[in-house]
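> Task: produce atomic coordinates for the following.
(chains A and B)
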2 protein chains.
Amino acid sequence: MHIAITGAAGFLGQRLVAQLLDRGELNGDAIRRLTLVDQTAPPAIDREGIEVQSLALDISASGALDPVLEARPDVIYHLAAVVSSAAEADLDLGMRVNFDSTRALLEGCRAYGLSRTRLIMASSVAAYGGELPSVLDDMTALHPQNSYGTQKAMSELLVNDYSRRGLVDGLVLRLPTIVIRPGRPNAAASSFASSILREPLNGEEAVCPVSTDLELFVMSPGRVVDALIHGAEVSGDSLGSFRAFMLPGITVSVAEMLEALREVAGDEALARVRHEADPRIEAIVGSWPGRFTNERARQLGFESDNNFREIVEAFLDERA
Amino acid sequence: MHIAITGAAGFLGQRLVAQLLDRGELNGDAIRRLTLVDQTAPPAIDREGIEVQSLALDISASGALDPVLEARPDVIYHLAAVVSSAAEADLDLGMRVNFDSTRALLEGCRAYGLSRTRLIMASSVAAYGGELPSVLDDMTALHPQNSYGTQKAMSELLVNDYSRRGLVDGLVLRLPTIVIRPGRPNAAASSFASSILREPLNGEEAVCPVSTDLELFVMSPGRVVDALIHGAEVSGDSLGSFRAFMLPGITVSVAEMLEALREVAGDEALARVRHEADPRIEAIVGSWPGRFTNERARQLGFESDNNFREIVEAFLDERA
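I've put the predicted structure just below:
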């Protein structure tokens, strides 16, 4: 089993690599080779029995992935992306990295005859937008209101078509908002969703810029990685007529998130969250869909977190 | 008013040109200039007061449309496309003509600062597919099951994003099955839908390969051209959060189509239709959606045919 990962130096990529190394196998086959690709070479890994290659590649450059594809990986995780704020700020950059790279990867799979290679791409809840119903299902149209979501939605269509034509065995998983992310607050509109938990759990102050009745559709990093692993194991025949769908997050209000924080870490932790309304962030995050039926994902065996308290506890366990 | 048209030599392009010349104005402004583009130069036109230029261009070639865009047309109709069977047979050709050309056109509009130019692209019912509801609405997802529909759906997303970013004033109209097309039967799965009317009306025999209870979602060529014209006149502000939607066709069963033929041209005409089941065509056409609510299109003032009999009568009138 040879697994290649683009965006392997990122937060999700690194967690995925760690879990793959822990497991040692994927879909019943021992992992013999990992090819880790990112703009800067992902951290080197020394693990007996597994050949690990870390490559610094600009995957949007023509033919950049040829050496990777020539080695005929069995599974490719395509996680490399320019995030939404960057794609909005620079249309060309977003098109090149988020769309052209996906197209080049698909063309590479076609050129090297990788029809049986499972390609798993990460898409996003940002692909949804516009006048949405209160509960979204697998047939809700993608009307993205940002360039990142547009580029992801276009990539989904292409992965589906190349898969339908038998040129690759593709699958696109739309990710909910990932909570709790490690690290520091950043410029992303969703940054607060991790920050209002992570900082208080670390004994620091955090700002909540939205009303507490705002609902978010979230998934823990652990469950997202589980889904990426499961995405390599689910049968292509079971994927139906469109190979992209939303992963099963859970719907939580900010109030419920804060209550879970209090339950796990006490009133003291909760008191570290300062409420300071930011209408700009409320508007952006409030436009994101909060409820999905997730029929397709559940039928295929993708699993959600059980409740938000477990997400908080898992963060503490991992930090320990 | 300067109007540029790609695919201007095609069936719809030629009808659009004829109607624009008849009207002499678009959106209240006198038409002063028409730029007609196709692979082979569209027929030359001599009309006093209107400068008409016919250009043979491969619009998928880099910069091919520069001379057209440099002249800053007020309205661009982007009708050029490779049809579904050709796009299915040749993925590269379909991607180049149906998608890359659209992207190049959008990039050209961006480069020349044509933010106020109304770009109207034709998309298709073929963009829908998969496990569809019995009645489709404006929020039904596009899960195309063919490369043509995939390329159109990707182009829709891009037109929407460039419009959202204010780089062009775009609009995509998804066309129903067009009935009655002129000409001869061809390899298209939908060919019979025109053939079972056109041939008998011309005193010739035709074959109906599908069951008479099959439903189609159809629009007459005249109404499609009306919609293209209306698409140039509708306000950009009214287009809402996604600039692509289905045009309001009418839902008719094959039995209703044949009954309209009988009403207009008698039992003699009806007797020229021979029923010879072709399960392959029944399967393809049967997978196309037959019913839409068309709320967005109707709110915006796009109009459907009144009934199928009028479609048959219009064909006879135009032939006369």
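
> Please name the nearest non-neighbouring residue to A:Asn307.
In space, and not counting its chain neighbours, A:Asn307 is closest to A:Ile250: 7.0 Å by CB to CB, 6 or more residues apart in numbering or on different chains. For the C-beta atoms, the positions are set from N, CA and C on the backbone; glycine is no exception.

> Next: A:Val218.
A:Val179 (4.4 Å).

> Quick check: A:Asp74 vs A:Ile120, distance?
From A:Asp74 across to A:Ile120, the span is 12 Å (CB to CB, to the nearest Å).

> Settle it for me: which of those two has more neighbours?
The neighbour comparison of A:Asp74 against A:Ile120 (other CB atoms under 10 Å in any protein chain shown) goes to A:Ile120, with 25 against 20.

> distance of the residue nearest to A:Asn307 from chain B?
As for A:Ile250, its distance to chain B is 23 Å (criterion: CB to the nearest CB, to the nearest Å).

> What is the burial count for A:Leu175?
By other CB under 10 Å, the burial measure for A:Leu175, its neighbour count, is 21.

> quick one: it and A:Val125 touch, right?
Yes: using CB atoms under 8 Å, A:Leu175 is in contact with A:Val125, at 6.8 Å.

> doesn't A:Val82 make contact with A:Gly94?
Yes: look at A:Gly94 against A:Val82 with CB under 8 Å: they come within range, at 5.2 Å.

> so what's A:Ala260 up against?
Contact analysis of A:Ala260 by CB atoms under 8 Å, 6 or more residues apart in numbering or on different chains lists A:197, A:307-309, A:311-312.

> OK, contacts around A:Lys152?
Contact analysis of A:Lys152 by CB under 8 Å, 6+ apart lists A:81, A:98, A:123-124, A:126-127, A:144.

> Up against chain B, what does the stretch 101-250 of chain A have?
A:129-133, A:138-145, A:147, A:150, A:153-154, A:157-158, A:160-161, A:164-165, A:240-242 (CB under 8 Å from any CB of the partner chain).

> Just the buried subset of those, please.
A:129-130, A:132, A:138-145, A:147, A:150, A:153-154, A:157-158, A:160-161, A:164, A:242 (16 or more other CB atoms under 10 Å in any protein chain shown).

> For A:Pro185, the count of nearby residues, please.
Residues lying near A:Pro185 (other CB under 10 Å) number 16.

> Quick check: phi and psi at it.
Main-chain dihedrals, A:Pro185, degrees, to the nearest 10: phi -60, psi 150.

> and what of A:Ile196?
The phi/psi pair for A:Ile196 (degrees, to the nearest 10) is phi -70, psi -10.

> shouldn't it be in contact with A:Leu270?
No: counting by CB under 8 Å, A:Leu270 is not a contact partner of A:Ile196; they are 9.7 Å apart.

> Can you select the buried ones from the contacts of A:Ala260 in PyMOL?
Those of the contacts of A:Ala260 that count as buried under 16+ other CB under 10 Å are selected in PyMOL with:
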select buried, chain A and resi 197+308+309+311+312
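
> For the contacts of A:Ala260, which two are the farthest from each other?
Within those, A:Leu197 and A:Asn307 form the most distant pair, 14.0 Å apart (CB to CB).

> Count the neighbours of the residue lying closest to A:Ala189 once chain neighbours are set aside for me.
Leaving out its chain neighbours, the residue that sits closest to A:Ala189 by CB to CB, 6+ apart is A:Ile284, at 4.1 Å. Neighbour count for A:Ile284, taken as other CB under 10 Å: 17.

> Is A:Ile284 located within a helix, as I assumed?
Yes: using DSSP: H, G, I helix; E, B strand; the rest coil, the assignment for A:Ile284 is a helix.

> A:Ala187 is in contact with that one, correct?
No: assessed by CB under 8 Å, A:Ile284 is found out of contact with A:Ala187, at 11.6 Å.

> Chain A - how does it break down into domains?
Domain ranges of chain A: A:2-176+A:221-246, A:191-217+A:250-319, per automatic domain parsing.

> which residues sit in contact with the nearest residue to A:Phe242 once chain neighbours are set aside?
Of all residues not flanking A:Phe242 in the chain, B:His143 sits nearest, at 3.8 Å (CB to CB, 6+ apart). Going by CB under 8 Å, 6+ apart, B:His143 touches A:139, A:160, A:241-242, B:128-131.

> can you check A:Glu205 too?
A:Glu205 makes contact with A:199, A:272-274 under the criterion CB under 8 Å, 6+ apart.

> and these, which of them are in strands?
For the contacts of A:Glu205, the ones inside strands are A:273-274, with DSSP state E as the criterion.

> For the contacts of A:Glu205, pick the one with the most neighbours.
A:Val273 (22 neighbours).

> In this structure that residue contacts A:Glu204, no?
No: the criterion here is CB under 8 Å, and A:Val273 misses it with A:Glu204 at 10.4 Å.

> mind listing the helices in the stretch 1-150 of chain A by residue range?
Ranges of helices within the stretch 1-150 of chain A are A:11-23, A:66-70, A:84-89, A:91-94, A:101-111, A:147-164, based on DSSP state H, counting those that start in this stretch.

> Which of these has the lowest mean pLDDT?
Note on the helices of the stretch 1-150 of chain A: lowest mean pLDDT is at helix A:84-89, with a mean of 90.

> how about it: buried residues?
Residues of helix A:84-89 classed as buried by neighbour count (16+ other CB under 10 Å): A:84, A:86-87.

> Closest one of those to chain B?
A:Ala87 (10.1 Å; CB to the nearest CB).

> So for the closest one, what's the nearest residue that isn't a sequence neighbour?
A:Gly94 (3.0 Å).

> on that earlier part again, so can I have a markdown table of the contacts of A:Glu205 showing pLDDT?
Shown next, in a markdown table, are those (pLDDT from 0 to 100):
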| residue | pLDDT |
| --- | --- |
| A:Glu199 | 97 |
| A:Arg272 | 98 |
| A:Val273 | 97 |
| A:Arg274 | 97 |
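
> which residues does the closest residue in space to A:Phe99 that isn't next to it in sequence contact?
Spatial nearest neighbour of A:Phe99, chain neighbours left out: A:Gln151 (4.4 Å); criterion: CB to CB, 6+ apart. Neighbour list for A:Gln151: A:87, A:94-95, A:98-99 [criterion: CB under 8 Å, 6+ apart].

> ok, A:Arg116 to A:Val75 distance?
To A:Val75, A:Arg116 is 10 Å away according to CB to CB.

> what do you get for A:Gly130?
Separation of A:Gly130 from A:Val75 (CB to CB): 34 Å.

> Next: A:Gly240.
To A:Val75, A:Gly240 is 20 Å away according to CB to CB.

> ok, and what's touching stretch A:59-75?
A:1-4, A:6, A:26-27, A:29, A:33, A:35, A:37, A:55, A:57-58, A:80, A:96-97, A:100-101, A:104-105, A:108-109, A:111-112, A:114, A:116-120, A:232.

> One more: stretch A:176-184?
Residues contacting stretch A:176-184 (CB under 8 Å, 6+ apart): A:11-12, A:125, A:190, A:193-194, A:197-198, A:201, A:216-221, A:224, A:246-247, A:249, A:257, A:288, A:311-312, A:315.

> Name only those of those that count as buried.
Buried by 16+ other CB under 10 Å: A:12, A:125, A:190, A:193-194, A:197-198, A:201, A:216-221, A:224, A:246-247, A:249, A:257, A:288, A:311-312, A:315, out of the contacts of stretch A:176-184.

> Return the subset of those residues lying in strands.
A:216-219, A:246.

> List the residues that contact A:Gln19.
Applying CB under 8 Å, 6+ apart, the residues near A:Gln19 are A:225, A:229.

> Brilliant, that's me finished.
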